[in-house]
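Q: From the sequence below, what's the structure:
(2 chains, ligands or ions: 1)
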Amino acid sequence: MRTKRIFPLALLAAVSAGSVFTANASELSAGLTGQMAAQTCAGCHGTQGYIEDSAYVPLAGMDKEHFITAMQMFADGSRPSTLMGPLALAFSDEEIEAMADYFAAFPKERPAKGFISEE
Amino acid sequence: MSKMNRRTFLKALGATVAAGSTAAGSAPLFAQKNPHVAVVGGGVGGATLAKYLKIYAPSIDVTIIEPKTKYQRPYGSSEVITGHETMDDITISYDNLRDRYGVKFIHDTVTVIDHAGHKLHTAGGRTVSYDRVVVAPGISFDYSQIEGLDSEADARAKGIVHGWDAGEDLLTLKAQLEAMPKNGTAIVVPPPNPYRCPPGPYERAGLLAQWLEERGDDAAKVIVLDSKNGFTTDVTMLQAWNRLYKFNLPEQAKGLYTEEQLATFKHHEGEPKVDWIMGVMGGKVTRIDAENMIVETEGAGTFKADMINYIPPLKAGRVALENDLADETGWCPVDPITFESTRHADVHVIGDACIAGAMPKSGYAANSQGKVLAVQLKALLLGGEIQTPVYQNTCYALAGNTDYGMFVADVFRVKDGKIVRVDAQRYLPFDAEPHMFSMAATYQQAWMKAFTKDVFG
Ligand SMILES: Cc1cc2nc3c(=O)[nH]c(=O)nc-3n(C[C@H](O)[C@H](O)[C@H](O)COP(=O)(O)OP(=O)(O)OC[C@H]3O[C@@H](n4cnc5c(N)ncnc54)[C@H](O)[C@@H]3O)c2cc1C
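A: Sure thing, here's the model as predicted:
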């Protein structure tokens, strides 16, 4: 199955909140929490951004501005990457900021029990 | 900070709604009792869901029912056939899920889901009650489409194994590869869509070719007999095979590329080390004569092989089929936001078994679904709002040579009630520098470890 569909840019931020749809990027991404957006990173960068001895950069405790700048540079190609470019492009500015806030809220060092409860 | 706001919000909310359940029928009998989520299958989907639920909502009791005491990962398992990995490397303990996160385990096979009674029955005679159940049983194999092999057991008895769900099959395939006569022929038959790990069968073909080449077989051949005319990562994979394995692009595949890109392809004389007989070329396999090692196709003739890796059409795991969770396609329809079955209430299906719109059947997808479902189950069982989801998939694959990697990367969102893919660029650019392919290979190897930790660690 070869899909070569290119989705319109407006769709990049088009998410559903129940059955309500709108094309306004900022309005729509307001519905996405930092946790929801950031957990997509964990499949490579570790749960809550904790990862040791890896080719992947740990994200836990990363400075907010640093995270945002890195994502912007991946998106515009000024920082070369394999797949971070396409991924960074698929999130809105608001979502990237929410992810940055999420990771910045964690201590850099993994806590003794291995993770932090998010209850 | 949205996270803090949300936490305080949920704390405040939790006090008033924790006792009541949102869905009728799943209301706990005693307000003090913790809600109980039963998970059928401790694979990628089930394990991720269980772990993240304990991180996001520790007061929810989570029990995984899984026959194996140790998981064997299918992702990255073709490398066992070529000896880059051992069975130990792909075997994963459940200790962290149990000890670090407090997930409970019952090592048994679920046979019956009593939807009305909210109970599971197991092969070992146990009964497990649930408020909500997450079904993540992976896949089953359909041998009804092929002549010459009656069932999975019959195929195995005849020495034809799929190796698509880890296990002893991998060692069988390894032994078959090692026993191949010099300059022999191996046949790989990918399943029709949809199936687990879209680039996987092609990656396996490349790995076999590379192994044979490294053994010193100059004229060994791996033939991919396909019912399809394309596959995820085809653009990058076919280009790599042209560079590495004397692969000539079939006329019918030229539409994948621009004129300019086509001009960069080499034309190789002589037999290719990897060949791809597409669906339009008649590549669909109709019959396998295991005794004489003969594979018949719909329109491309008959092939004599020294090794046959037939991966049959796939369906959802048997427990899903037998408990009315699958539709006529053999896969389980679900709500795109909560993964609740559209056929039975309080049952959620994630991972390969479910129909998740544009999402592929991959480990990364199952992992992503598990996390989203953890967020939604917390809301459904403790109170709070169902959240707008976002899903992701990244799959790395090797061309065969373990220094030549590639990937597909996608983000998915829900639009008009369907999960759709939202990004445009998803592969390495066609003209990527050579070091990008080797970087992708490095990340591929790092991913196996990092991902396993996110799911089980
Ligand atoms: C060769 C190969 C390479 C791959 N490479 C990649 C890759 O690079 N990246 C990627 O993202 N994905 C990859 N995958 C795909 C990935 O392994 C699967 O998509 C993923 O494992 C699916 O997760 P799951 O939870 O749906 O099923 P599984 O991981 O298969 O887990 C299902 C579990 O359910 C249990 N179970 C089944 N029935 C019952 C029952 N009745 N009661 C209790 N338990 C039951 C099983 O024992 C099993 O442990 C690859 C797959 C293969 C075969």
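
Q: Please name the nearest non-neighbouring residue to the residue of the stretch 351-457 of chain B at minimum distance from the ligand.
A: Residue nearest to the ligand within the stretch 351-457 of chain B: B:Gly351 (2.3 Å; Cβ to the nearest ligand atom). C-betas here are computed from N, CA, C, even on glycine. Once flanking residues are discounted, B:Gly351 sits nearest to B:Gly45: 2.9 Å by Cβ to Cβ, 6 or more residues apart in numbering or on different chains.

Q: From the ligand, how far off is that neighbour?
A: Distance, B:Gly45 to the ligand, by Cβ to the nearest ligand atom, to the nearest Å: 3 Å.

Q: you'd agree that residue is up against B:Val372?
A: No: contact criterion Cβ atoms under 8 Å: B:Gly45 and B:Val372 do not qualify, at 11.0 Å.

Q: one step back: ok, how many other residues are close to the residue nearest to B:Gly351?
A: For B:Gly45, the neighbour count with other Cβ atoms under 10 Å in any protein chain shown is 32.

Q: Next secondary structure after the strand or helix carrying it?
A: Secondary structure from DSSP states H and E places B:Gly45 in helix B:44-56. Using DSSP H and E, the helix or strand that follows helix B:44-56 in sequence is strand B:61-65.

Q: That following strand and chain A in contact?
A: No: residues of strand B:61-65 contacting chain A under Cβ under 8 Å from any Cβ of the partner chain: none, with a closest distance of 13.6 Å.

Q: what angle separates that strand from helix B:44-56?
A: 160 degrees (axes from the mean of the first three to the mean of the last three Cα atoms, to 10 degrees).

Q: Centre of the chain to strand B:61-65, how far?
A: How far strand B:61-65 lies from its chain's middle: 22 Å, per Cα atoms, centre = their mean, to the nearest Å.

Q: same deal with stretch B:284-302?
A: Centroid separation for stretch B:284-302 versus its chain: 27 Å, with Cα atoms, centre = their mean.

Q: Stretch B:131-139 now?
A: 15 Å.

Q: residues in contact with whichever residue of the stretch 101-250 of chain B sits closest to the ligand?
A: Closest residue of the stretch 101-250 of chain B to the ligand, Cβ to the nearest ligand atom: B:Gly138 (2.8 Å). By Cβ atoms under 8 Å, 6 or more residues apart in numbering or on different chains, the residues touching B:Gly138 are B:Gly41, B:Gly43, B:Gly45, B:Pro74, B:Asp165, B:Arg196, B:Gly317, B:Gly351, B:Asp352, B:Ala353.

Q: make it 10 Å
A: B:41, B:43-46, B:74, B:164-165, B:196, B:314, B:316-320, B:351-353, B:361, B:366 (Cβ atoms under 10 Å, 6 or more residues apart in numbering or on different chains).

Q: Can I have the buried ones of those residues as a PyMOL selection?
A: Remark: buried members of the contacts of B:Gly138, expressed as a PyMOL selection using 16 or more other Cβ atoms under 10 Å in any protein chain shown:
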select buried, chain B and resi 41+43+44+45+46+74+164+165+196+314+316+317+318+319+320+351+352+353+361+366
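
Q: from the contacts of B:Gly138, which ones fall inside helices?
A: B:Val44, B:Gly45, B:Gly46, B:Arg318, B:Val319, B:Ala320, B:Ala366 (DSSP state H).

Q: want to try JSON lines for these, with distance to A:Glu52 and pLDDT as columns?
A: Output for those, formatted as JSON lines (distance: Cβ to Cβ, whole Å; pLDDT from 0 to 100):
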{"residue": "B:Val44", "distance to A:Glu52": "21", "pLDDT": "98"}
{"residue": "B:Gly45", "distance to A:Glu52": "25", "pLDDT": "98"}
{"residue": "B:Gly46", "distance to A:Glu52": "25", "pLDDT": "99"}
{"residue": "B:Arg318", "distance to A:Glu52": "39", "pLDDT": "98"}
{"residue": "B:Val319", "distance to A:Glu52": "37", "pLDDT": "98"}
{"residue": "B:Ala320", "distance to A:Glu52": "37", "pLDDT": "98"}
{"residue": "B:Ala366", "distance to A:Glu52": "24", "pLDDT": "98"}
